[in-house]
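Peer 1: sharing a sequence plus its predicted fold:
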Amino acid sequence: MDCTIGWIRTKNGYIIFKNRDTKKEFLTDNLFQKTEGLVKIGYKSERKGCWIGINRYGIGFTSAKGPYREVPAGYFSWKKFNEIGEKVLKRAKSLDEAIGLFIKNYKKQKIGDSANILLSDKNHAYLLEFWLENIKIKKYSRFIFKTNHFELMGRLNQNLKSLNSSTKRLKKFRELFRYHKPKRAEDLIPLLTHHSRNAEENICRHGRVMTVGSAIFEVKNNAIICYYSLNRSPCKGKYNKDICFSETLSTLS
């Protein structure tokens, strides 16, 4: 559904994060795992796919739905993007390889939904916008934040019912980023649990669509530091912390 994602380059690595916003019935469907050479958060109800992850080579992935949400007959729905993301993390040893694998796997599938995909390493992040046969790519070197509307295929934004909320959340997050100037993963927690007087600006969301999971993964030297709050509103409890090292992930393959 409607999510907030991003990537920030740091002195010794990078941070990738996501607030997963969806319907209340999926509140408890999130699962943190260290397996097959990667650390990820996927779904309890399904074995395939993850909505955020980093592999042993420091390649990161996360996703947010795009503005076009029709699924024509014979096409797969949104979660196929997250299945591709996990598949790429299991194989890619470099960012260029990850981008190539993602596009190759996407072209093999028939996916009706649109998506914002972030693929990253410690030096760069790439935003990939997907819609049917259309793919647009942009490179970032400092930071990138996204909600659900498109930046590169903006003509599709008229299809997004929650466009007003998407643009306001992104604007608010950028304001919070400039104010807080986060340097470490834990510095992002106040941003991802933020509430505004205007509910459309909430980064931590409540209501028909709510934030059911929040994750901040930081690659720092040879460690991956994970903060995550799952299966509850992140503003209502503490984030768990987990640290794993690249050599540890290698033993999980």
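Peer 2: Structure's in. What do you need?

Peer 1: gap between the lengthiest helix in the chain and the chain center?
Peer 2: Counting residues, the longest helix found in the chain (DSSP state H) is helix 163-180. Taking C-alpha atoms, centre = their mean, to the nearest Å, one finds helix 163-180 lying 16 Å from the centre of the chain it belongs to.

Peer 1: what's the spacing between the very next helix or strand once past it and its chain's center?
Peer 2: Sequence-wise, the next helix or strand beyond helix 163-180 is helix 189-192, with elements assigned using DSSP states H and E. The gap between where helix 189-192 is centred and where its chain is centred comes out at 15 Å by C-alpha atoms, centre = their mean.

Peer 1: same question for stretch 209-227.
Peer 2: Between the centre of stretch 209-227 and the centre of its chain there are 10 Å (C-alpha atoms, centre = their mean).

Peer 1: report the buried residues of that stretch.
Peer 2: Of the residues in stretch 209-227, those buried by neighbour count under the rule 16 or more other C-beta atoms under 10 Å are 209-220, 224-227. No exception for glycine: its C-beta is placed from N, CA and C like everyone else's.

Peer 1: which residue in those has the weakest pLDDT?
Peer 2: Between the buried residues of stretch 209-227, the one the model trusts least by pLDDT is V209, at 89.

Peer 1: partner residues bridging that one?
Peer 2: Assessed by DSSP bridges, V209 has beta-bridge partners K23.

Peer 1: how far away is it from C226?
Peer 2: Shown here: V209 relative to C226, a distance of 25 Å by C-beta to C-beta, to the nearest Å.

Peer 1: please apply the same query to T35.
Peer 2: T35 sits 14 Å away from C226, going by C-beta to C-beta.

Peer 1: one more: K44?
Peer 2: Going from K44 to C226 by C-beta to C-beta gives 18 Å.

Peer 1: next one: L188
Peer 2: Counting by C-beta to C-beta - L188 and C226 are separated by 12 Å.

Peer 1: okay, and the common contacts of these two?
Peer 2: With contacts taken as C-beta atoms under 8 Å, 6 or more residues apart in numbering, the residues that reach both L188 and C226 are I216.

Peer 1: how close does the residue most central in space within the chain sit to G207?
Peer 2: The geometric centre of the chain, computed from its C-alpha atoms, lies nearest to T62 (C-alpha atoms, centre = their mean), at 2.9 Å. Counting by C-beta to C-beta, the gap from T62 to G207 is 23 Å.

Peer 1: same deal with N148?
Peer 2: 16 Å.

Peer 1: then K168?
Peer 2: When distance is defined by C-beta to C-beta, K168 is 15 Å away from G207.

Peer 1: neighbour-wise, which of those two wins?
Peer 2: Counting neighbours by other C-beta atoms under 10 Å for K168 and for G207 shows that K168 has the greater number, 18 against 9.

Peer 1: would you list the phi and psi of the residue lying closest to L132 once chain neighbours are set aside?
Peer 2: In space, L132 comes closest to G112 once its chain neighbours are excluded; the distance is 7.4 Å by C-beta to C-beta, 6 or more residues apart in numbering. Taking degrees, to the nearest 10, you get phi -80, psi -40 for the backbone angles of G112.
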